[in-house]
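The following comprises the amino acid sequence and a computationally predicted model.
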Amino acid sequence: MEQIAAVPELTISDHIVNDFSLTVATANGTGSQTSNLVLMHALFNMGIPVTGKNIFPSNIQGLPTWYSIRVSSEGFLARRELNEITVCMNPATAVEDMATMQPGGYILHDSAIPVAVRRDDVTYIELPVKSLVAPFKVPTALRAYVSNQIYVGALAWLLELPMEEIHRALQQQLKGKDSAIQLNLEVAQAGYDHCNETYENLAPWRVEPMAGFNDNRILIEGNTAAALGAVFGGVSLVSWYPITPSSSLAEAAADALPRYRLDPDTGKPTFAVIQAEDELAAIGMAIGAGWAGARGMTTTSGPGISLMAEFIGLAYFAEIPVVVWDVQRMGPSTGLPTRTSQGDILSAYTLSHGDTRHVVLFPSSPKECFEFGWRAHDLADQLQTPVLVLTDLDLGMNLWISEPLEYPDEPINRGKVLDAEQLDELAAEWGRYRDVDGDGIAYRTLPGTPSNWAAYFTRGTGHDEMSHYSEKPEVWEHNLQRVQRKLETARGLVPQPDIVRDAGERIGLISLGSNHPAVQEARVRLAETGIPTDYLRVRALPVNQTIRDFINDHEVTVVIENNADGQLHGILKLETDVPDHQLVSSRRCNGLALSARWITEQIITITQR
Amino acid sequence: MARKPTRPARASGKPRRPALNGLGLPKTEYRGRPSTLCKGCGHDSISQRIINVAWEHNLEQHNVVKMSGIGCSSKTPAYFLQGSHGFNSLHGRMPSVSTGAIVANRQLEIIGISGDGDTASIGIGQFKHAVRRNVPMIYIVENNGVYGLTKGQFSATADTGQSMKYHGVNELPPLDICIESLAANATLVARSFAGDPKQIESLLSIAFKHRGISVLDIISPCVTFNNHDQSTKSYAWGRENDLVLNIVDLVPPAEEIQIEDYESEIGIEMHDGSYIVLKKVGENHDPTDKRAAEDLLESAREEQKFITGLIYVNEDQEDLIEMLDLTETPLSHLPDRKLRPPEAVLDAINGRYTPLGTT
């Protein structure tokens, strides 16, 4: 285990500036979110690279919740395993939270929570929360909520975080609610003053304003960015069913659409958001919209993906555009509904019965969530097929520093749709499933098109080029071969992988999605220990030649992912012909985001084989 | 060399002109592909009613979409309105696909065709939620109380005590489509019998004009599977009578059951030898009175009769599209500039998430 340097001897010049992690332990439902977001935004506003991760239970009130904040002067945004400061506000977990504190660490605790076993290798800061809050006139219902500001003030004191920054962050969080801002600030100040009057600050960690890293960057949740992407991608129907951790994506869309997508001429909505009765109906509605020519989308997580499987097969074979966001959580079954995982990669790629392979996108940052938010609809329309976007709880529900959201650099692409004039010209030549361009993608028509040639009968059963029912073996085979051709076209259309090369031929790393920050950090650490690596970040399935070449170019390629079965590794094995020893799997699945330390250790072990 | 067949000249010398509707189209234009259902199936009769009414109402076929789930009934959209888009979707899921389609293009006229298995068994959830949302569409249940395509299992509308060769006696009470619809706040509920062309056509005409969802529960006898062992058309009967009927897919031809117009009640012998009583809503029934509609259905259930006719209608409740307050222009027709906000909007959004800047 990493050790924290001994504390008391340090002088000011030895301060560790903008490099530590702190965890706040509370019970859920006590309103600690405002306090944690205030800390996050205060640090972000100071220009400090910061990440916050909410580790929460599947519960409304009373169960343990942890919020971990990491600041990193080097700009590393991944989860760190080490924790220097713990704030204990939850009696239920205090014994364990205190016992697992690293030597040299600081424990800030509510004085109502006794220290069970006092250790001499950690420092305790006691916060008499009840008596500090007593002087304030706070309604009983809000007492616990406001009390959380005590630890905000205490941390501000410990880290020398200016109270003015706390004030500004409170203003950001509680927009316009002046009395609430004032009350929260005063309580935080009481926490600050108590520490200042009671203790000498011998802690080594300080925060200081930084320039550069946060400039022109944004702090946003992946789900919010994804929803905005869909808004700018012309989504017309969001049909969804609530499920953690995807609900906030649909809710962000429901919030953003009325702001940005009212018809400029009439002021009326150019969109609909429907909370369906279940996931089957949610995907069914989105497919109905796609079939009729409007962009449909649904948002879900693993269990919902399972329920949508039959419909996805229909859309795949009837060739109807639809976009599905899967914000992954831990499975199988209900699993850990509030913990992160990348366990749906394989099922999403081959979702449904029969032979199906889908376009699957893997965003790794809010910026990319936004990009795939609109691009997924273009791809679905171009390829006339379901497009699944796989993100996860870690990316979707946590705040991330990201490059700003980038306006689409290409116009909306509606794919091959024939209008009445074109149809009248083609007349009997047009067949719904006839491949005239050789790319496997046929031309479709929309209901309501005023031409005698427009109508066709959509079905999931066997059909010929004219969409007539057929059970002839050669017709079935011919159709599947065309769909296969379409998949080949998709390989070239989907977002290409991101590749960083600086090692030459020895070690390649392949990863995806929210693992990106941890892989980036691990690569720096590995390079420092003399193990340079190349890195390919898969941004989409199906795989293409670039990915095959990368694997072939390296002695060994390690596929790093957050699931138990090594699912991406399995797909790459299936779709490339490299020998086993050349493509190895590093996977972990414990409900937490991958850490750079774990990846570093994995790679070192592999290189020592 | 083969000779081209020549058409014999008409005796009168004057070609007979087919009747044309207001759009100048003959009724044949409203037909579909040849039906593949069993001969005498009530479903085909319903398809013909749709063809008639669509032709009489001068329906623009390109504005109509035919939606269905899975089952014998769900195959029928291929057999009418050849000029309309059709969508044979998933078992029990036609309502959600229809909901999405009408949201995408509010100008479409949706004719949904379902069966009792598709609606009352696997699809009861989507059915009731589409009703609850008042999705503007005609929702026809071709109700025969049996699964035909999978060869004769009970559906949720099968009668209590009904027996089936491989499945014994149905002990469960049937779901009543009309009662279920009313309970889900349907805005139009009607029932008819597949062999009653006049009543179906008049109900279809009303449904085409209705503002929200129109649920038409049409009793449509299955000529093949809804048969008692005692029935002369059952397989058991066939076997005992030395007919080669031990192959499951041999379907004895049957005559479609047609009825004459009736005053208030009529008893009908079904293909399986069972007997149903249709009872027309009386002249005194006020179809805008929901409590009266509920009473009517409950009393008929006690009497083991099927109430036919317009049972309930509510023209006041707004439909889903009105509720969503969508643009008059269908969402599917909106130009790109209305689907993608300008770049300045995104700049402003980014601005809201950037750091405040150091003090």
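Now that the structure is in, tell me what you want to look at. Residues are numbered from 1 along each chain as shown, chains lettered A, B, ... in the order given.

can you tell me the residue of chain A closest to chain B?
Closest residue of chain A to chain B, Cβ to the nearest Cβ: residue A:288 (2.4 Å). (Each C-beta comes from the backbone N, C-alpha and C, glycine too.)

Would you confirm that that residue contacts residue B:108?
No - judged on Cβ atoms under 8 Å, residue A:288 makes no contact with residue B:108 at a distance of 10.5 Å.

out of these two, which sits in the busier spot?
Using other Cβ atoms under 10 Å in any protein chain shown as the criterion, residue A:288 and residue B:108 rank with residue A:288 on top: 32 against 25.

Any chance you could list what contacts the lowest-mean-pLDDT helix or strand in chain A?
Ranking every helix and strand in chain A by mean pLDDT, DSSP states H and E puts helix A:140-147 at the bottom, with a mean of 90. The contact list for helix A:140-147 (Cβ atoms under 8 Å, 6 or more residues apart in numbering or on different chains) reads A:30-31, A:34, A:129-130, A:133, A:136, A:138, A:183-184, A:187.

Output the below-cut-off pLDDT ranges for the stretch 51-200 of chain B.
Confidence mapping of the stretch 51-200 of chain B against pLDDT under 70 gives the ranges B:149.

That one against chain A: which residues are in contact?
Within the stretch 51-200 of chain B, the positions lying close to chain A (Cβ under 8 Å from any Cβ of the partner chain) are B:60-63, B:65, B:77-78, B:82-90, B:93, B:95-105, B:107-108, B:125-126, B:129.

Counting only helices, which of those make the cut?
Secondary structure defined by DSSP state H assigns B:95-104, B:125-126, B:129 of these to helices.

Mind listing the shared neighbours of residue A:288 and residue B:108?
B:101-102.

Quick check, the residue in chain B closest to chain A?
Nearest to chain A in chain B, going by Cβ to the nearest Cβ, is residue B:100, at a distance of 2.4 Å.

host element of the residue nearest to that residue when sequence neighbours are not counted?
Nearest residue to residue B:100, sequence neighbours excluded (Cβ to Cβ, 6 or more residues apart in numbering or on different chains): residue A:288, at 2.4 Å. Residue A:288 belongs to helix A:279-291 when assigned by DSSP states H and E.

pLDDT (mean, whole number) over that helix?
Helix A:279-291 shows an average pLDDT of 98 in the prediction.

same question, stretch B:26-41
Averaging pLDDT along stretch B:26-41 gives 94.

Bridged to the spatially most central residue of chain B, which residues?
For chain B, the residue nearest the mean C-alpha position is residue B:140 (2.1 Å; Cα atoms, centre = their mean). Using DSSP bridges, the beta-bridge partners of residue B:140 come out as residue B:113, residue B:216.

Pretty sure it sits against residue B:219.
No - when contacts are counted by Cβ under 8 Å, residue B:140 is not listed as touching residue B:219 (11.8 Å).

Could you check the pLDDT of the residue nearest to the spatial centre of chain A?
Chain A has residue A:395 as the residue nearest its centroid, 2.1 Å off, counting by Cα atoms, centre = their mean. Per-residue pLDDT puts residue A:395 at 98.

so which helix or strand takes in it?
Per DSSP H and E, residue A:395 falls inside helix A:393-397.

Wondering if that helix reaches chain B at all.
No - Helix A:393-397 does not reach chain B (Cβ under 8 Å from any Cβ); its nearest approach is 15.6 Å.

Run the chain-centre distance for that helix.
Distance of helix A:393-397 from its chain centroid, counting by Cα atoms, centre = their mean, to the nearest Å, is 4 Å.

list the helices and strands it packs on?
Helices and strands touching helix A:393-397, by 3 or more Cβ pairs under 8 Å, 6 or more residues apart in numbering or on different chains; DSSP states H and E, are helix A:222-232, helix A:247-260, strand A:322-328, helix A:366-383.

contacting residues around that helix?
Residues outside helix A:393-397 that contact it (Cβ under 8 Å, 6+ apart) are A:53-54, A:79, A:221-223, A:226, A:244-246, A:248-249, A:327-329, A:338-341, A:363-366, A:369, A:513-514, A:593.

Next: stretch A:512-523.
Contacts with stretch A:512-523, where a contact means Cβ under 8 Å, 6+ apart, come from A:51, A:76-79, A:222, A:340, A:342, A:345, A:362-365, A:390-392, A:394-395, A:500, A:509, A:511, A:533, A:535, A:537-539, A:560-562, A:568, A:593-600, A:603.

Quick one, which of the residues you listed are buried?
When these are checked for burial by 16 or more other Cβ atoms under 10 Å in any protein chain shown, the buried set is A:51, A:76-79, A:222, A:340, A:342, A:345, A:362-365, A:390-392, A:394-395, A:509, A:511, A:533, A:535, A:537-539, A:560-562, A:568, A:593-600, A:603.

Show me the shaky parts of the stretch 201-350 of chain B.
Filtered on pLDDT under 70, the stretch 201-350 of chain B yields the residue ranges B:225-254, B:270-274.

Of the contacts of helix A:140-147, which belong to helices?
Residues of the contacts of helix A:140-147 located in helices (DSSP H): A:34, A:129-130, A:133, A:183-184, A:187.

Show me which pair in those residues is furthest apart.
Taking Cβ to Cβ, the two most distant members of the ones in helices among the contacts of helix A:140-147 are A:34 and A:130; they sit 19.2 Å apart.

Have a look at the two and say which one is more surrounded.
A side-by-side neighbour count of residue A:34 and residue A:130, using other Cβ under 10 Å, places residue A:34 first with 19 against 13.

For that one, list the residues it contacts.
Residue A:34 neighbours (Cβ under 8 Å, 6+ apart): A:145, A:148, A:173-174, A:184.

Next to chain B in this structure, residues from the stretch 101-250 of chain A, please.
Counting by Cβ under 8 Å from any Cβ, the stretch 101-250 of chain A sits next to chain B at A:162, A:164-165, A:168, A:172, A:209, A:211, A:214-220, A:228, A:231-234, A:236-237, A:239.

residues near the closest residue to residue B:123 other than its chain neighbours, how many?
Residue nearest to residue B:123 in three dimensions, not counting chain neighbours: residue B:92, with 2.8 Å by Cβ to Cβ, 6+ apart. Around residue B:92 there are 26 other residues, counting by other Cβ under 10 Å.
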